[in-house]
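[1] A predicted structure for the sequence below; I have some questions about it.
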Amino acid sequence: MIMLSENKKNELIEQARNASQKAYAPYSGFKIGAALLTKDGKVFQGCNVENASYSMTICAERNAAFQAIAGGSHEFAAIAIYADSDKAFPPCGACRQVLAEFAQDMLVFIVNQTSTHETTLSQLLPERFSL
Ligand code: THU
């Protein structure tokens, strides 16, 4: 698993914060942004996009993961998730499974207005489903 300097980590968090400002969340009111660093050094952003048909909503993390795949980068190194809230937003189970498809392991920074929690995907999802 890669090590990230404090600078790189803070840059990634800043990009996640920027992404959260683009969220479309008129129903929940929770604006989430993600910035995903791939092993080839690119950063892909995603935000949550809600829908009047609630279950069509996509989370910020999966949005970022799919941007990376569409951008041609299949190996994930780290993700920062920023919730513009005082509530912590650890990635949901579906997002953990999707991230695990493209990472042996990766750093996960869970950030909100007041705190930063640093963990790894293998801690969040010890046994992914795989075929
Ligand atoms: N949400 C995310 O963006 N990421 C998660 O891991 C959990 C939930 C979004 C979906 C929805 O727009 C809002 O947060 C409330 O569930």
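    Nice, I can see it.
[2] Buried residues, the longest helix along the chain. List them.
    Longest helix in the chain by number of residues (criterion: DSSP state H): helix 6-20. Buried positions in helix 6-20, judged by neighbour count with 16 or more other Cβ atoms under 10 Å: 9, 11-13, 15-17, 19-20. (Each C-beta comes from the backbone N, C-alpha and C, glycine too.)
[3] repeat for stretch 70-90
    Buried, per 16+ other Cβ under 10 Å, within stretch 70-90: 73, 76-84, 89.
[4] Take the residues you listed and write them to CSV, including pLDDT, distance to the ligand and secondary structure.
    As requested, these are exported to CSV (pLDDT from 0 to 100; distance: Cβ to the nearest ligand atom, whole Å; DSSP: H, G, I helix; E, B strand; the rest coil):
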residue, pLDDT, distance to the ligand, secondary structure
Ser73, 98, 21, coil
Phe76, 98, 15, strand
Ala77, 98, 19, strand
Ala78, 98, 16, strand
Ile79, 98, 11, strand
Ala80, 98, 13, strand
Ile81, 98, 7, strand
Tyr82, 98, 10, strand
Ala83, 97, 8, strand
Asp84, 89, 11, coil
Phe89, 93, 6, coil
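[5] quick one: which two of those are the most distant?
    Ser73 and Asp84 (26.1 Å; Cβ to Cβ).
[6] in which helix or strand would I find Gly72?
    Following DSSP states H and E, there is no helix or strand that holds Gly72.
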